[in-house]
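K.L.:
what follows is a predicted protein model with its sequence.
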Amino acid sequence: MALDPLTAGLDLASSVINKIWPDKSESERAQLAAAVSIVQGQLSINQEEAKSTNVFVSGWRPFVGWVCGSAFAWNWIGLPMAKFGLAVFTTQTLDISPADLSEMLPVLLGMLGLGTLRTFEKTKGVAA
């Protein structure tokens, strides 16, 4: 703390300004630290889930993956083949529109992204 009133007043004004308008790099660092702690927490939760012998704890991720994969397979392979087969071999039509995958796509992409990171870890020898 400065002894003269001018420097003390400038220090006070500087601290007030920093409280009102914080340095962007400081706030960005705080946001990054918060994001890193969230990811670390989620990774520890994932690790504990994977260790579980209870299928309801450790099996939900594969289940969601199979459901999403099955929905994609039906949407782009099963449904077109069923419509084609009915059109070629019968006079009936199939009036089923493709599933709206806008809610399922973020889940699947997130799971695929995490799977890719796991593969990357294995190739680098980081993971067991």
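P.N.:
Cool, got the structure.
K.L.:
show me where the chain has its helices.
P.N.:
For the chain, the helices defined by DSSP state H cover 5-20, 24-51, 55-58, 60-73, 79-89, 104-124.
K.L.:
take those and write them to a markdown table, including distance to Pro98 and mean neighbour count.
P.N.:
In this view, the C-beta of every residue, glycine as well, is placed from N, C-alpha and C. Below are the helices of the chain laid out as a markdown table (distance: least, Cβ to Cβ, whole Å; neighbours: other Cβ atoms under 10 Å):
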| stretch | distance to Pro98 | mean neighbour count |
| --- | --- | --- |
| helix 5-20 | 53 | 10 |
| helix 24-51 | 32 | 10 |
| helix 55-58 | 31 | 11 |
| helix 60-73 | 10 | 13 |
| helix 79-89 | 6 | 12 |
| helix 104-124 | 12 | 12 |
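K.L.:
domain ranges for this structure?
P.N.:
By the assignment in automatic domain parsing, the chain contains the domains 21-54, 59-128.
K.L.:
let's have these in JSON lines, adding mean pLDDT and distance to Thr7.
P.N.:
Below are those laid out as JSON lines (pLDDT from 0 to 100; distance: least, Cβ to Cβ, whole Å):
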{"stretch": "domain 21-54", "mean pLDDT": "77", "distance to Thr7": "21"}
{"stretch": "domain 59-128", "mean pLDDT": "79", "distance to Thr7": "51"}
